[in-house]
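Asker: for reference, the sequence and a predicted model appear below.
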Amino acid sequence: MAFFLAPSRAGGATGIVSSLGKASIWADTAALVLLAGVAVMVVHGAEEARQPLDLLQQLPITLDPARLPDYALRTTLRMFAALAASLLFTFTVATLAAKSRKAELIIVPALDILQSVPVLGFLTFTVTFFMGLFPGQQLGAECASIFAIFTGQAWNMAFSFYQSLRTVPADLDEVSRQFGFSAWRRFIRLDLPFAMPGLVWNMMMSMSGGWFFVVASEAITVGDKTVTLPGIGSWLAVAIERKDFGAVALAVGAMAVVILLYDQLLFRPIVAWADKFRFEQTASQTRPKSWAYDLVRRTRLVKKLAFVLAAPFRLVETLRLPSLPHPRLPAIGRTTAGAINRAWVGLVLLGCAWGLWQLASFITDSLTMGDIKEAFLLGLATLARVAVLTVIASVIWVPVGVWVGLRPQWAERVQPAAQFLAAFPANVLFPFAVVAISTLHLDPNIWLSVLMVLGTQWYILFNVIAGATAIPTDLKEASGIFGIRGWQWWRQLALPAIFPYFVTGALTASGGSWNASIVAETVSWGDTKLEAAGLGSYIANATAAGDYPRVALGIAMMSLFVILFNRTVWRPMYRYAERHLRLN
């Protein structure tokens, strides 16, 4: 040690320490400037959300470019508020579904239904509630808008987290039991780290998918009154209504800037941070990089601040609750336990039957069996579109996702581009689709179907990338050592490794396609309107006409098709992945 601190080396060591100190000061300064800027924007957005509701009528949406930055800020804050709510929902509901068989019987079918219910269906029942909580304030409309965006973000995150918890390696699960981890400590030390790589990519997909619903979520209807919140979505709606292609281009440009900013400042640092949670025994030679993550690692003040803020979580993790005397319960045999489970299933089915009876009573009071048959046949048409589009998207994006996921340097380049394409609102392309189909005399039943998958195909890509990045390095090196190439490599390594992630992506993509059919099966530009026969156009037309029995019938039929499709196709795939494709 004395050799390294010899006088002849002292100047060099001092210089290194001095340069490190200067780097830390610059890092602290830059980090504080960024944090201060974010804080100012959040406070500004919160102050505007507390303004009186009547102010929105006095200051309608304008296409003045000077207002676009403020609109972009308002939309971004809504989306991040919805993302925070989605994370809370994911950590509680998905964990409960993965840990409790009885809860799974209710939660998983409920998620299947909820992901198929269109945003319009949620807004119909939630707007009045939120507006009543904050009467006369914009905050009520803001909460309704945030909830609508939440319904476009939460389901794929919940499915991803649920899939990860169900595929935790058995040896890690056994170690956590041997160390006597409490439920909270296991969640923090095992479940959350193992699920983090896949969850991060689904968070990015949720943010991008939320842009798809921005237009619908920023126009709140209360009775015969429509409240239009300031935002990129409302700007885009006004631009399309006025056929202003310049304003549409400005909105798309603002979206690109916003996506680039939160990709660089948030998601890319999280991807770089989450890489350390990959399940592997051999360290990877290439790691995701992020200048923002490197900046935070060089700071001192931000680390201290994060340490202070994390103190309550560390306290909860180390807290040892006193053991309470457990009541002595009689031993339950296998027969009795089976009877209790059957009773629980019967109770769940009874509740579902009561709900279906109430819905059927509401529908049959106004509609006939002929209407139900019509909705069923239209549902078959949309089902065919969803199935074909999911297969086509899988064939295209699974190889691309594997290729990108195995190359972190390319993932860094593809990530912002994929986020922008996933966030690109499909209704921007409606005018071009209408003009092209009308001019070339194409069949709307075929060519409008393409619009359904524009915003949902990315669920497959993002989940496959997450699965490919999670492949352990030792497995990749072993496949190279043994000379596994071509189809054998796909069959024995790539496809088994990404299969659980692919199922999650394909499930959410198919559910999102059902939802997107409502806006994709009937499109218009000016006086020209094109319509494809399907359940989506059926619901859209019934909503426009205020025919609530047909709206309820369409949503119920869509939910029925989604549940049957998930139960016959995706759930068996989930069970296969849990039993045969778990990393052990």
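Answerer: In hand now; what should we look at?
Asker: now the residue minimising distance to the centre of the chain, nearest residue through space, not along the chain?
Answerer: The chain has S206 as the residue nearest its centroid, 2.7 Å off, counting by C-alpha atoms, centre = their mean. Counting by C-beta to C-beta, 6 or more residues apart in numbering, Q153 is the residue found nearest to S206 once chain neighbours are left out, at 3.7 Å. For the C-beta atoms, the positions are set from N, CA and C on the backbone; glycine is no exception.
Asker: so who does the one you found touch?
Answerer: 82-83, 86, 206-207, 209-210 (C-beta atoms under 8 Å, 6 or more residues apart in numbering).
Asker: okay but the residue nearest to the centre of the chain is in contact with L83, surely?
Answerer: Yes: with contact defined as C-beta atoms under 8 Å, S206 counts as touching L83 (6.3 Å).
Asker: before we move on, the earlier item: and the gap between the residue nearest to the centre of the chain and L377?
Answerer: 33 Å (C-beta to C-beta, to the nearest Å).
Asker: look at K289 and tell me its secondary structure.
Answerer: Put simply, K289 is coil when judged by DSSP: H, G, I helix; E, B strand; the rest coil.
Asker: residues in contact with it?
Answerer: Contacts of K289 by C-beta under 8 Å, 6+ apart are 272, 408, 412.
Asker: could you measure from it over to L265?
Answerer: From K289 to L265 the distance is 15 Å (C-beta to C-beta).
Asker: and for V398?
Answerer: Distance from V398 to L265, by C-beta to C-beta: 30 Å.
Asker: and the two? Which one has more around it.
Answerer: V398 (23 against 16; other C-beta atoms under 10 Å).
Asker: pull out the buried residues from the helix or strand containing V108.
Answerer: Taking DSSP states H and E as the definition, V108 sits inside helix 101-116. Across helix 101-116, burial judged by 16 or more other C-beta atoms under 10 Å covers 105-109, 111-116.
Asker: now the helices: where do they sit in the stretch 401-550 of the chain?
Answerer: 408-423, 430-440, 444-447, 449-453, 457-469, 473-481, 486-489, 495-520, 535-545, 548-565 (DSSP state H, counting those that start in this stretch).
Asker: buried deepest among these, which one?
Answerer: Mean neighbour counts were compared across these using mean count of other C-beta atoms under 10 Å; the top stretch is helix 457-469, at a mean of 28.
Asker: now for that helix, which elements pack on it?
Answerer: Contacts defined by 3 or more C-beta pairs under 8 Å, 6 or more residues apart in numbering; DSSP states H and E place helix 457-469 against helix 154-166, helix 192-212, helix 369-405, helix 408-423, helix 495-520.
Asker: can you rerun that using 10 Å?
Answerer: helix 154-166, helix 192-212, helix 268-274, helix 369-405, helix 408-423, helix 495-520 (3 or more C-beta pairs under 10 Å, 6 or more residues apart in numbering; DSSP states H and E).
Asker: and of the ones you listed, who's closest to A256?
Answerer: Taking C-beta to C-beta, helix 408-423 is the member of these nearest to A256, at 5.7 Å.
Asker: got the angle for the closest one vs helix 457-469?
Answerer: 160 degrees (axes from the mean of the first three to the mean of the last three C-alpha atoms, to 10 degrees).
Asker: could you dump helix 408-423 to PDB, C-alpha only?
Answerer: Extracted in PDB, the C-alpha atoms of helix 408-423 (Å, rounded to 0.1, in the frame of the first residue of the first chain):
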ATOM      1  CA  PRO A 408     -28.200  -4.400 -26.300                       C
ATOM      2  CA  GLN A 409     -26.500  -1.800 -28.500                       C
ATOM      3  CA  TRP A 410     -29.300  -2.200 -31.000                       C
ATOM      4  CA  ALA A 411     -32.000  -2.200 -28.300                       C
ATOM      5  CA  GLU A 412     -30.800   1.300 -27.300                       C
ATOM      6  CA  ARG A 413     -31.400   2.500 -30.800                       C
ATOM      7  CA  VAL A 414     -34.700   0.700 -31.500                       C
ATOM      8  CA  GLN A 415     -36.200   1.500 -28.100                       C
ATOM      9  CA  PRO A 416     -37.200   5.200 -28.700                       C
ATOM     10  CA  ALA A 417     -38.200   4.500 -32.300                       C
ATOM     11  CA  ALA A 418     -40.400   1.600 -31.200                       C
ATOM     12  CA  GLN A 419     -41.900   3.700 -28.400                       C
ATOM     13  CA  PHE A 420     -42.800   6.500 -30.900                       C
ATOM     14  CA  LEU A 421     -44.300   4.000 -33.400                       C
ATOM     15  CA  ALA A 422     -46.300   2.400 -30.600                       C
ATOM     16  CA  ALA A 423     -47.500   5.800 -29.400                       C
END
